[in-house]
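A.B. asks: Make a model of this:
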Amino acid sequence: MAKLAAMEQGAVFRCQLDQLLTQAGSSLALSSLPALSLYHSGREMTPHLPEGILGHVLVGPPPGDAAILLGGFNFHVGNNSGKHKEKPYSDPKKSSKKRHAVTTVNLVLLGMSGTGKSASGNTILGQKLFVSRPSSKPVTKKCQMEETEREGVHLHVIDTPDIFDDDMKSSVRDKHVKRCEQLYESEPFVFVLVMHVSRFTDGERDIMEKLEKVFGREAGEQTIILFTRGDDLQQAGLGLEDFLHTCQPDLKKILEKCGNRCVLFENHRSDSAQVETLMDKVIRVTEEKQT
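C.D. replies: Numbering: from 1, shown residues only. From the prediction side, this is the model:
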């Protein structure tokens, strides 16, 4: 009988919640939420929500409260107290300590001189550990690795000289490549090909061929394009999608070889969102490689 009563009360709560949400439409008025008691044995209920509202109901044991998760907020309603507590909703799926199949990743920054490899590395690290400054000559002279943790993943960020420079002696290039491979070979790795968003040079037209020649034909499957100087697009009133839609055919071919994986960075701004976007792609690439 007690179990049946709990189920009936749960159904009544579901009905009342549906009515409230239907009346609220796409915006939820907190003042419209009545205090409700719910006696239920710790299971989850998902009410039918009108279009534009996302949420679900978590039910605690008697005389537990109902937690209504809606629109980025966590509303606790219960015990007929008449008081409504409101706090930001923390999605456990977006916790800073995410669990991934891959716990350590080597991020190899590649690209031509002046594209912003070192500056991008510093943005990823969250501190200036790679030398980065305006110069008419290449600044990075050797491979350098620094470490950080992002999205629950331990990152080895590897900065490299311009190994695509046609004027570089083959013996010097081979030395840099060998050192780079020594740094990333012990863990899953992802190549990050850094390119200037508003400058596509003749030397970059065959950059994927050069990359595959050095690191193997399947290198593109583990490569993400990182475009720097994101503010250039913003000043032109363009987004990344606009840029990709109108970019040169040769650049589109490079993107296609990398599975159209790309991100936009502005290294003059401290913006964690751009690093999170990169990390989402890095994790996806490494986990797909392991399956």
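A.B. asks: Now do the strands in this structure.
C.D. replies: Assigned by DSSP state E, the chain shows strands spanning 44-45, 55-59, 66-70, 73-77, 85-88, 104-110, 144-150, 153-159, 189-196, 223-228, 262-264.
A.B. asks: contacting residues around the last one?
C.D. replies: It stands for strand 262-264. 197, 224-227, 230, 233, 240, 244, 255, 274, 277-278, 281 (C-beta atoms under 8 Å, 6 or more residues apart in numbering). Heads up, the C-betas are built off the backbone N, CA and C, glycines and all.
A.B. asks: so who does the closest residue to Leu129 other than its chain neighbours touch?
C.D. replies: Leaving aside its chain neighbours, Leu129 sits nearest to Glu146 (4.5 Å; criterion: C-beta to C-beta, 6 or more residues apart in numbering). Applying C-beta under 8 Å, 6+ apart to Glu146 gives the contacts 121, 125, 129-130, 156-157, 159.
A.B. asks: Identify, from those residues, the entry nearest to Lys142.
C.D. replies: Asp159 (9.0 Å; C-beta to C-beta).
A.B. asks: ok, that closest one touching Lys117?
C.D. replies: Yes - Asp159 is within contact range of Lys117, at 5.9 Å (criterion: C-beta atoms under 8 Å).
A.B. asks: Taking the contacts of Glu146, tell me the two that lie furthest apart.
C.D. replies: Phe130 and His156 (13.1 Å).
A.B. asks: okay, the two: which has more neighbours?
C.D. replies: Phe130 (22 against 18; other C-beta atoms under 10 Å).
A.B. asks: ok, the more buried one - contacts?
C.D. replies: By C-beta under 8 Å, 6+ apart, the neighbours of Phe130 are 117-119, 121-122, 140, 144, 146, 159.
A.B. asks: Find the nearest non-adjacent residue to it, please.
C.D. replies: For Phe130, the spatially nearest residue (C-beta to C-beta, 6+ apart) is Ser118, at 3.9 Å.
A.B. asks: which ones are touching the one you found?
C.D. replies: For Ser118, the contacting residues are 109, 130-132, 139-140, 159, by C-beta under 8 Å, 6+ apart.
A.B. asks: Over to Glu149?
C.D. replies: Leu155.
A.B. asks: how close does it get to Arg284?
C.D. replies: Taking C-beta to C-beta, to the nearest Å as the measure, Glu149 and Arg284 are separated by 18 Å.
A.B. asks: Could you do Ile224 as well?
C.D. replies: As for Ile224, its distance to Arg284 is 10 Å (criterion: C-beta to C-beta).
A.B. asks: If you count surrounding residues, which of those two has more?
C.D. replies: Ile224 (20 against 15).
A.B. asks: Does that one touch Asp280 like I think?
C.D. replies: No - contact between Ile224 and Asp280 fails when scored by C-beta under 8 Å: they sit 10.3 Å apart.
A.B. asks: so where's the stretch 51-200 of the chain shaky on pLDDT?
C.D. replies: Counting by pLDDT under 70, the ranges of the stretch 51-200 of the chain that qualify are 51-99.
A.B. asks: what do you get if the cut-off is 80, keeping everything else the same?
C.D. replies: By pLDDT under 80, the low-scoring segments of the stretch 51-200 of the chain are 51-101.
A.B. asks: Tally up the residues packed near the closest residue to Gly203 other than its chain neighbours, please.
C.D. replies: Nearest residue to Gly203 in three dimensions, chain neighbours excluded: Met112, at 6.1 Å (C-beta to C-beta, 6+ apart). Around Met112 there are 21 other residues, counting by other C-beta under 10 Å.
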